[in-house]
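[1] Here is a sequence with its predicted model. Questions after.
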Amino acid sequence: MSKILAAKPEKIKNDDFVQNLYEKISKNNSQRQTLRAVHFSDVHIDNEYKVGTLANCGDILCCHEGSGWPSKDGDIPAGEWGMENCDIPPKTF
């Protein structure tokens, strides 16, 4: 484990900026602002997404007019911004 930084280029071998920053932060007891972020990856936009259609249709891809519409207890309608079993509508991205 002691050889992890052994291959660091000479000009940054003794660079301790990050370590110094962490030490400075740990000594500061004041309240810090909370940052909220959203990470999107492997985005699939569905131009046929239709709000209100059946989101739990049991098929590979739901939330289309061909998926049907909620008609019984337990059916879940496709939401405005997207659903778990569906690719996202263009407006979400």
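    Good, I have the coordinates.
[2] drop to CA atoms for contacts and neighbour counts, all remaining ones
    Fine.
[3] Quick check: phi and psi at the nearest residue to Gly82 once chain neighbours are set aside.
    Distances taken as Cα to Cα, 6 or more residues apart in numbering place Ile88 nearest to Gly82, at 5.0 Å, with adjacent residues excluded. Note on Ile88: backbone dihedrals following degrees, to the nearest 10 are phi -90, psi 150.
[4] Quickly find the element holding the residue nearest to the spatial centre of the chain.
    Nearest residue to the geometric centre of the chain (Cα atoms, centre = their mean): His39, 3.4 Å. Using DSSP states H and E, His39 falls within no helix or strand.
[5] That one and Lys72: what is the separation?
    Between His39 and Lys72 the computed distance is 34 Å (Cα to Cα, to the nearest Å).
[6] Repeat that for Lys27.
    From Lys27 to Lys72 the distance is 58 Å (Cα to Cα).
[7] go on, Ile45?
    On the measure of Cα to Cα, Ile45 and Lys72 end up 28 Å apart.
[8] Which one's more surrounded, the two?
    Taking neighbours as other Cα atoms under 10 Å, Ile45 and Lys72 compare with Ile45 leading, 16 against 7.
[9] dump the residue contacts of the nearest residue to that one once chain neighbours are set aside.
    Nearest non-adjacent residue to Ile45, counting by Cα to Cα, 6+ apart: Ile88, 5.0 Å away. Applying Cα atoms under 8 Å, 6 or more residues apart in numbering, we find Ile88 in contact with 43-46, 49, 81-82.
[10] From those residues, keep the buried residues only.
    45-46, 49, 82 (16 or more other Cα atoms under 10 Å).
[11] tell me the contacts of Cys57?
    Cys57 neighbours (Cα under 8 Å, 6+ apart): 63, 67-68.
[12] so it, which of the three states?
    Classification of Cys57 by DSSP: H, G, I helix; E, B strand; the rest coil places it in coil.
[13] What number of residues are in the vicinity of Cys63?
    A count of nearby residues for Cys63, using other Cα under 10 Å, gives 31.
[14] Alright, I will stop here.
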